[in-house]
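J.: the following block contains a protein sequence and its predicted model.
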Amino acid sequence: MLFFESASRTINDFVEKILFVIGAAIGAILFAQVVFRYAGHSLGWSEEVSRHLLVAITFLGGTVAYKRANFIGLQGFGHRIGPAFQRAIVVALQVMTLALFGLIFWFGVIYTVKAAQHTSTSLQIPMSIPFSVIPTASLIFVVHVLADISRTFGGRRQ
């Protein structure tokens, strides 16, 4: 199970760097769009690229938020009943989360393959390229959840 923890950490470090690059690219593209519009020459592709990059930041940023445990946590009645019951609830939630991201991955792959037949408006690239972030992020989520499950059964917390 140490494999999943190591893979999760490595992937998260890489995704954080990618997010920085994407954020900088969006900022540069939008700044260039303002400058070019002011000069009277609009960049027709800038809005489409920025939109696709923003979607990528949303999906990939979600994986980093999950890894850092920055989502809202709930401490319900399981916390009051006892550690064994709380652990059972955590494991059940982790299994359901794993199933959810597995389904999102599966349908994301299907959707990405179907989108290959369509092209984007201004760039004329297959829409499977920007849509591929859905199964990619879902697979990253799966690795993070498997790392969480390994920590739960190993008795360690992040």
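T.: Perfect, thanks for sending it.
J.: so which bits of stretch 29-49 are buried?
T.: Neighbour-count burial for stretch 29-49, counted by 16 or more other CB atoms under 10 Å, picks out 29, 33, 43, 46, 48-49. The C-beta positions use only the backbone N, C-alpha and C, and glycine is treated the same way.
J.: what's the local residue count around Asp13?
T.: Asp13 has 12 neighbours, counted by other CB atoms under 10 Å.
J.: over to the one 3 residues further on?
T.: As a burial measure, the neighbour count of Glu16 was computed by other CB under 10 Å and equals 15.
J.: and for the one 3 residues further on?
T.: Counted by other CB under 10 Å, the residues lying close to Leu19 total 16.
J.: circling back to that earlier point, and the buried residues of stretch 29-49, which two are the farthest apart?
T.: Using CB to CB, the pair of those lying farthest apart is Gln33 and Glu48, separated by 11.2 Å.
J.: any common contacting residues for the two?
T.: Counting by CB atoms under 8 Å, 6 or more residues apart in numbering, no residue touches both Gln33 and Glu48.
J.: distance of the nearest residue to Leu30 once chain neighbours are set aside from Ile26?
T.: Nearest non-adjacent residue to Leu30, counting by CB to CB, 6 or more residues apart in numbering: Ser50, 6.0 Å away. The gap separating Ser50 from Ile26 is 5 Å, by CB to CB, to the nearest Å.
J.: helix or strand right after the longest helix belonging to the chain?
T.: If you go by DSSP state H, the chain has its longest helix at helix 2-39. Next helix or strand after helix 2-39 toward the C-terminus (DSSP states H and E): helix 46-67.
J.: now that next one against helix 2-39, angle please.
T.: Counting by axes from the mean of the first three to the mean of the last three CA atoms, to 10 degrees, helix 46-67 points 150 degrees away from the direction of helix 2-39.
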